[in-house]
Structures are given as structure tokens and as C-alpha cells.
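Visitor: Okay, predicted coordinates and the sequence, questions at the end:
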Amino acid sequence: MTKEMRVALGQHASASHDYLTFARQLGVGGVQFNMIGKGIDLIPTSDDLPDDKGYWELADLKRLKQRVNDYELELEAIENVPAAFIRQAMLNGPRRDEQIDNYQTTLRNMGEAGIPILGLNWMPNLVWRTPAQTGRGGVIVTAFDMERALAGEVVTGIVDVPEAEDRDYSEEEMFENYVAFMRAVLPVAEEAGVKIALHPDDPPVPSLGGIARVFYKPENFKRALEAAPSPNHGLDFCMGCFSEMVYAGRSNNEGVLDAIRYFGARGKIFYVHFRDVQGCVPRFQECFPGEGNVDVVAAIKTLREVGFDGFIIDDHVPEMLDDSDWRHRGHAYSTGYIMALVEAVKKLA
């Protein structure tokens, strides 16, 4: 059956009855799980594992996939192994080769379990946010302000990374580490039939905490894809991160649409985080789709025009009145909005 652009539910780390039932009630066909912190129920977390066990077992991955399938849903992707699994590889530390071997094991096991995509980020100190702000009607949204971050007002992310050995890391060094990592794991990904989807740095600034950020501008994605060419090497196109970037001489909307055209036309967008922000670095805050920098109708139309046939999820949704800890009300609004956009663009094409 030919696949086409579709909407899934993602960015959660629980395969609970409530979450999977919620996905079914929304009417999406699949889910994605984000493991950027520790992990997910049904798969042991990094804190639960011995130091020499930095990979996921086949039996655990099969159990997770079956759990999702039991709710008549597809497991579209897993996004990010726990950061501790690959931080030495990111920083070219003494356990780099061991962590590469473990990542290869995870890829093989995902392939055998039938899970087609593994999301990846190259941020040893993770996503940074400063204190939350309020948006439309008083909803709570995440925000970033470089001035506040430099003053120590960081509420998410890791300011001091023990593995960093108390030194600074340059952009070129972090880029070379990425290319070496990808050249080592991509042959295994190809053999296993698993695509690796790179997420942009968030926030997309040159450096945080003494560690350079590589994927904060479109040209570095182009360099990386060319340096480690593979049909299994592409992007988790986070529209929010591309919207946060600074485009010399162009609006953020134009910059985002240009990026969709460039990477989409080359088949390098494996899936999409469809979120947006108001403002851009060094200061921005998140918002509902349709009230940020990007013309969201044009974004969906452009995805269709370039032949994108993957899945779309929302992302860091606003926290609405009486929302749950995983913001089910915010997800309901955003997912429904995206589903309507996709359906409308398909019918009007």
C-alpha cells in the first residue's frame, strides 16, 4: 500500500492505556515515543541498566510494538535513545566505540522488531529552556531567552555535563564527531532497514554551556547529509526549530519553506514536528499552530508539493486549563488542527 502524508501522536514516553486510547479517540493511525530523558515504560531506562548495557533488547522492543498494535495503532518511530547511551560518542570520549557498538545493537534490534525510524539529536546537554511564559488566554508555553540562560535561569537542559571534562568543544569538533558516528552506524541502519532522523539543535544557537551546537543552521544539515550519504540518513524536520533560526535577509517563514523544499525534494524529511514559535533566537516562545512565524497552510502545501509521505506530529504543546501532566488538552487541539490542515490541503490540491 502506498503511504502518504499523515498525522500521528507523539512526544510522550508512556505506552499507557490512557495515552494509546487517547490516540485512537483522536483518530490518528500511529504513535511515536520520545525517549530523550531516561526512557519509556516497557523498556528499561538508562538509570535501571548497568554501565555496560547501553542498548535496547529485542524482546523489549517487540513488546512495545505489540502493545501499540494491540490498540490498532502503528509504532511509527522511536525518537532518541536515552542521552547517556551516546553522550560519550557525541563528545569523542573514552567509551565512544563501546557506545557506537551499543547503538548498532539497538538498530539491529529495532529492525528485527519492525520499528522503522530512530530519531537522533546531537545535543550532549539537551534542549534548553528558560522560565515558561504565558500565551493566548493564559496558556503556559515554553520559552527561551539567551540573556536569562546566560544568567543561569535554565529550567530544562543540562548546564554542566560531567562527560565534557571541563573544557569547551568547537563546532567543527562536534561536527566531525557526528560524521564519524554516522559513518559507523549507517551501514548497520541500512542492513536493518531503520532510518535515522536527525533533529535540529534546540535552541538553535552556536554554543551552550561550552559545547558547540552543530545543527543550528540549514547549511550544517546539508554538510552532514553530504558527508555521510545514505538513503537511511535524513531529518526529523522540527518546524519549530527551523522557525527559531535566524535567516540572513529572509523572514523565518521564507526560511522554513525553503528548508522544506530543499530537504523534502531530496527525500530527506523522514517525519515532521509541526510546531511553531513567536520570535526567534536569541528570544522566542512557543505557541499554538497558526499563530507563530510560519504560514502553516503554506507549510503543509509545500510538504505535499515535495512528495513528503511520512508522518506529522505536534510537539511542545501549550498547557491548557486543567490539562494533564502530559498536556492531553494541548495535544488534542494541536493534533486536530494539523489533521484538518492535512485533509484540507489534500482535498484542495
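Guide: Received it, and whenever you're ready, just let me know what you need.

Visitor: drop to CA atoms for contacts and neighbour counts, all remaining ones
Guide: OK.

Visitor: With adjacent residues omitted, what lies nearest to Val194?
Guide: Pro116 (4.8 Å; Cα to Cα, 6 or more residues apart in numbering).

Visitor: you'd agree that neighbour is up against Ala197?
Guide: No: taking contacts as Cα atoms under 8 Å, Pro116 lies outside contact range of Ala197: 10.5 Å.

Visitor: Was I right to think Gly264 contacts Ile300?
Guide: No: if you go by Cα under 8 Å, Gly264 and Ile300 don't touch, sitting 11.7 Å apart.

Visitor: And the helices in the chain, which stretches?
Guide: 17-26, 58-69, 87-90, 96-113, 146-150, 171-192, 218-227, 239-244, 252-265, 296-305, 328-348 (DSSP state H).

Visitor: Figure out which of those helices is closest to Pro203.
Guide: Closest approach to Pro203 among these is made by helix 239-244 (6.9 Å; Cα to Cα).

Visitor: Which elements pack onto that closest one?
Guide: Applying 3 or more Cα pairs under 8 Å, 6 or more residues apart in numbering; DSSP states H and E, one finds that helix 239-244 contacts helix 252-265, strand 269-273, strand 276-280.

Visitor: Just send those back as JSON lines, with distance to Ala13 too.
Guide: Below are the helices and strands packed on helix 239-244 laid out as JSON lines (distance: least, Cα to Cα, whole Å):
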{"stretch": "helix 252-265", "distance to Ala13": "28"}
{"stretch": "strand 269-273", "distance to Ala13": "16"}
{"stretch": "strand 276-280", "distance to Ala13": "22"}
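
Visitor: Columns mean neighbour count and mean pLDDT on top of those, output as TSV?
Guide: Below are those laid out as TSV (neighbours: other Cα atoms under 10 Å; pLDDT from 0 to 100):
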stretch	mean neighbour count	mean pLDDT
helix 252-265	20	98
strand 269-273	25	98
strand 276-280	23	98
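
Visitor: for the ones you listed, which one sits closest to Ala212?
Guide: Among these, if distance is taken as Cα to Cα, the winner is strand 276-280, at 18.6 Å.

Visitor: Now do that closest one against helix 296-305: the angle between them, please.
Guide: 110 degrees (axes from the mean of the first three to the mean of the last three Cα atoms, to 10 degrees).

Visitor: From the chain's centroid, how far away is strand 276-280?
Guide: 17 Å (Cα atoms, centre = their mean, to the nearest Å).

Visitor: Just the pLDDT for the most centrally placed residue in the chain.
Guide: For the chain, His199 is the residue whose C-alpha lies nearest the centre (Cα atoms, centre = their mean; 4.6 Å). Looking at His199, its pLDDT reads 98.

Visitor: from here on, count from 194
Guide: All right, first residue 194 from here; so that's His392.

Visitor: who's in contact with it?
Guide: By Cα atoms under 8 Å, 6 or more residues apart in numbering, the residues touching His392 are 312-315, 428-431.

Visitor: just so I know, which of the helices and strands packed on helix 432-437 lies nearest Val398?
Guide: Per Cα to Cα, nearest to Val398 of the helices and strands packed on helix 432-437: strand 469-473, 10.3 Å.

Visitor: How about residues contacting that closest one?
Guide: With Cα under 8 Å, 6+ apart, strand 469-473 has contacts from 432-434, 436-439, 477-487.

Visitor: What strands line up against it, and which way round?
Guide: strand 476-480 (antiparallel) (DSSP bridges).

Visitor: Please list all residues in contact with Val490.
Guide: With Cα under 8 Å, 6+ apart, Val490 has these contacts: 534, 538.

Visitor: Tell me how far it lies from Ala537.
Guide: According to Cα to Cα, to the nearest Å, Val490 and Ala537 sit 9 Å apart.

Visitor: swap in Asp508?
Guide: 21 Å.

Visitor: cool, and Ala276?
Guide: 38 Å.

Visitor: And Asp294, by the same measure?
Guide: 45 Å.

Visitor: what do you get for Tyr371?
Guide: When Tyr371 is compared with Ala537 (using Cα to Cα), they lie 39 Å apart.

Visitor: likewise Tyr455?
Guide: Distance from Tyr455 to Ala537, by Cα to Cα: 24 Å.

Visitor: One more: Val398?
Guide: Counting by Cα to Cα, the gap from Val398 to Ala537 is 35 Å.

Visitor: Mind checking which of those two has more residues around it?
Guide: Shown here are Val398 and Ala537; by other Cα atoms under 10 Å, Val398 has more neighbours (19 against 14).

Visitor: in its sheet, what does the helix or strand bottoming out on mean pLDDT in the chain sit against?
Guide: In the chain, no helix or strand scores lower on mean pLDDT, DSSP states H and E than strand 202-205, which sits at a mean of 86. Strand pairing for strand 202-205, determined by DSSP bridges: strand 223-227 (parallel).

Visitor: so who does Ala491 touch?
Guide: Counting by Cα under 8 Å, 6+ apart, Ala491 has contacts Leu450.

Visitor: for the stretch 194-343 of the chain, which spans come out with low pLDDT?
Guide: 194-195, 229-235, 237-245 (pLDDT under 70).

Visitor: try it again with 50
Guide: 231 (pLDDT under 50).

Visitor: Nearest spatial neighbour of Arg476, chain-adjacent residues omitted?
Guide: Asp338 (4.4 Å).

Visitor: The one you found: what's it in contact with?
Guide: 322-323, 474-477.
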